[in-house]
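> One predicted model, sequence on top.
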Amino acid sequence: VNALQRSGGRGRALRCGRWLEPIELGHWEMAYGFLVFAAPLAVMGLPGAFSRYLEKYRQQGRLRLFLSRTAWWTFGLAVAAIALLAWRSDAVAAFVFGDATQARLAEVMSAALAIVIVHHFMEAVFAGLRMTLRIERSPDSGDRLSHQEFWPPLMRFAIWVWVTNLLTNTFSVIDRYMIVHCGVFSTDEALAQVGNYHTSHMVPVLLVSVANLVVGAMTPHLSHDWESGRRDAVADRLNLSLKLTGLAMLVGGAIVLAVCPLLFHYVFNDKYADGLAVLPWAVAACVWFSLLLVAQTYVWCAEQSRRAAGPLVLGIACNVTLNVVLLPSFGLLGALIATGVSTLIAFFAQLWVNRRLGMHIERSAALVGLAPLLLVFGATPALVGCCVVVPLAIGSGRFLTPTQRTSLVDAVRARLPGRFQSAQAAP
């Protein structure tokens with residue numbers, strides 16, 4: 001399902017890049033980014049609490065009560081947000097597109113926000129119920145629950161989800177708003193540069209999608225070790241994941257750099273030369289963001305999700321500061337450098353937070369965060385660097401500990417067909 005969703009999204013992005021001119025693609029990117037940013041913001045992150053509380057109320061026989069109250073609350077907040085955006089459509093257009101005359105487009109975008117909110121709400125409901133569907137349905141008890149008992153714990157959790165989503169989404173879109181508002185471009189030039197920015201991330205963002213899948217697959221295992229009291233095992237596995245993810249993303253990034261010129265030539269008809277020029281920094285930034293996602297897993301296991309906020313805030317502050325300094329002189333390249341450097345800083349800040357929470361950070365796991373610097377020099381240096389760095393890392397006795405080597409070999413053997421396992425075990 002995830003693969004189909006990602007493939008559909010990439011196919012849509014490629015079609016937009018082929019059919020639209022840079023300015024039009026810039027409009028589309030800014031509008032889409034605003035919708036993704038505004039949807040959870042408008043409803044105060046309430047659907048994000050469903051994964052935690054929906055099953056609880058189902059077991060209590062109050063699922064209908066939970067869904068009805070949260071649905072009405074979401075509906076009310078959505079109507080208020082859409083009305084506010086439609087009322088001040090000129091201000092919204094100036095904020096999103098850098099041009100108040102685009103008020104009509106802002107009104108259409110505000111209407112589209114309703115669809116995005118409904119989609120997020122239903123997605124959260126079905127995600128929360130996916131395990132429940134395998135269990136015998138609990139009858140509705142019909143018991144009423146006072147609003148004083150219902151809302152405080154739910155909103156305390158939802159507000160923190162809201163803050164986390166706000167920081168993460170801000171971290172993801174801040175560079176585009178800096179291009180629109182802080183660059184030395186006219187309005188049309190700024191939107192054209194946003195279009196180039198978008199094309200530079202079309203393929204590299206797949207690396208982030210892979211990292212999300214990795215995090216989703218390993219988190220249950222790490223949580224099991226954590227709840228079993230094996231905190232050292234969690235740290236050891238996470239160090240191993242950082243090393244392997246870093247090397248795999250380095251190789252993947254080098255391949256992206258080698259293949260993407262063909263994409264820009266044959267699919268985009270050479271319309272986005274500026275996007276191709278900044279591709280190395282876009283790839284490096286996506287690799288660093290992928291490593292940041294993996295590093296954040298430790299705070300989720302430790303149930304210290306608020307500790308993920310600090311590195312994001314630091315990354316946002318660095319991004320804004322560097323954009324103010326670099327954008328006027330280097331244009332789009334300055335924006336990509338600012339994003340890459342700020343993401344690297346956020347990654348190392350997250351490692352520092354993990355260490356403060358008790359995780360032992362191996363030196364090789366930290367150093368692998370510097371490996372993507374090879375990517376910023378282009379395809380050929382990156383491929384040569386991979387041919388040197390990866391064999392040295394795998395062959396070195398210091399990169400993987402004996403425990404990690406054993407775990408890795410066991411994991412590989414467990415996924416081999418039975419006859420190959422027998423052959424490996426035979427003397």
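Structure's in. What do you need?

> Okay, buried residues for stretch 108-122 please.
109-110, 112-114, 116-117, 120-121 (16 or more other CB atoms under 10 Å). For the C-beta atoms, the positions are set from N, CA and C on the backbone; glycine is no exception.

> That stretch: how far from the chain's middle?
20 Å (CA atoms, centre = their mean, to the nearest Å).

> residues making contact with it?
Residues outside stretch 108-122 that contact it (CB atoms under 8 Å, 6 or more residues apart in numbering): 31, 34-36, 38-40, 42-43, 47, 71, 74, 78, 81-82, 85-86, 89, 92, 96.

> Tell me how many other residues crowd residue 105.
18 (other CB atoms under 10 Å).

> again, but for residue 270
The burial count for residue 270: 10, using other CB under 10 Å.

> packing partners for whichever strand or helix holds residue 56?
Using DSSP states H and E, residue 56 sits in helix 50-59. Packing partners of helix 50-59 (3 or more CB pairs under 8 Å, 6 or more residues apart in numbering; DSSP states H and E): helix 63-87, helix 103-129, helix 147-182.

> redo that, cut-off 6 Å
For helix 50-59, the packing partners by 3 or more CB pairs under 6 Å, 6 or more residues apart in numbering; DSSP states H and E come out as helix 103-129.

> And residue 28, how far from residue 363?
For residue 28, the distance to residue 363 equals 44 Å [CB to CB, to the nearest Å].

> just checking, residue 92 touches residue 84?
No: contact criterion CB atoms under 6 Å: residue 92 and residue 84 do not qualify, at 9.1 Å.

> Look at those two and report which has more neighbours.
Per other CB under 10 Å, whichever of residue 92 and residue 84 has more neighbours is residue 92, with 23 against 14.

> Which pLDDT value goes with the residue nearest to that one when sequence neighbours are not counted?
Excluding the flanking residues, the one nearest residue 92 by CB to CB, 6 or more residues apart in numbering is residue 106, at 4.3 Å. Listed pLDDT for residue 106 reads 94.

> Could you do residue 65 as well?
Residue 65 is given a pLDDT of 82.

> From residue 126, how far off is it?
Residue 65 is 19 Å from residue 126, by CB to CB.

> Tell me which of these two has more neighbours.
Each of residue 65 and residue 126 has its neighbours counted (other CB under 10 Å); residue 65 has more, 18 against 11.

> what about the closest residue to that one other than its chain neighbours, which helix or strand?
Excluding the flanking residues, the one nearest residue 65 by CB to CB, 6+ apart is residue 145, at 6.3 Å. Using DSSP H and E, residue 145 falls within no helix or strand.

> Give me the neighbour count for residue 145.
15.

> Next: residue 381.
15.

> Just give the nearest non-adjacent residue to residue 249, would you?
residue 287 (4.3 Å).

> any idea how far the one you found is from residue 206?
Taken as CB to CB, the span from residue 287 to residue 206 is 11 Å.

> quick one, which of the two is more surrounded?
Each of residue 287 and residue 206 has its neighbours counted (other CB under 10 Å); residue 287 has more, 31 against 17.

> give me every residue that touches that one.
Neighbouring residues of residue 287 by CB atoms under 6 Å, 6 or more residues apart in numbering: 249, 253, 372.

> now do 7 Å
Residue 287 makes contacts with 207, 249-250, 253, 372, 375, as judged by CB atoms under 7 Å, 6 or more residues apart in numbering.

> residues of stretch 236-251 that come out buried?
Across stretch 236-251, burial judged by 16+ other CB under 10 Å covers 236-251.

> could the contacts of residue 287 be laid out in JSON lines, adding secondary structure and distance to residue 296?
Compiled in JSON lines, the contacts of residue 287 are given as follows (DSSP: H, G, I helix; E, B strand; the rest coil; distance: CB to CB, whole Å):
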{"residue": "207", "secondary structure": "helix", "distance to residue 296": "16"}
{"residue": "249", "secondary structure": "helix", "distance to residue 296": "16"}
{"residue": "250", "secondary structure": "helix", "distance to residue 296": "20"}
{"residue": "253", "secondary structure": "helix", "distance to residue 296": "20"}
{"residue": "372", "secondary structure": "helix", "distance to residue 296": "18"}
{"residue": "375", "secondary structure": "helix", "distance to residue 296": "22"}
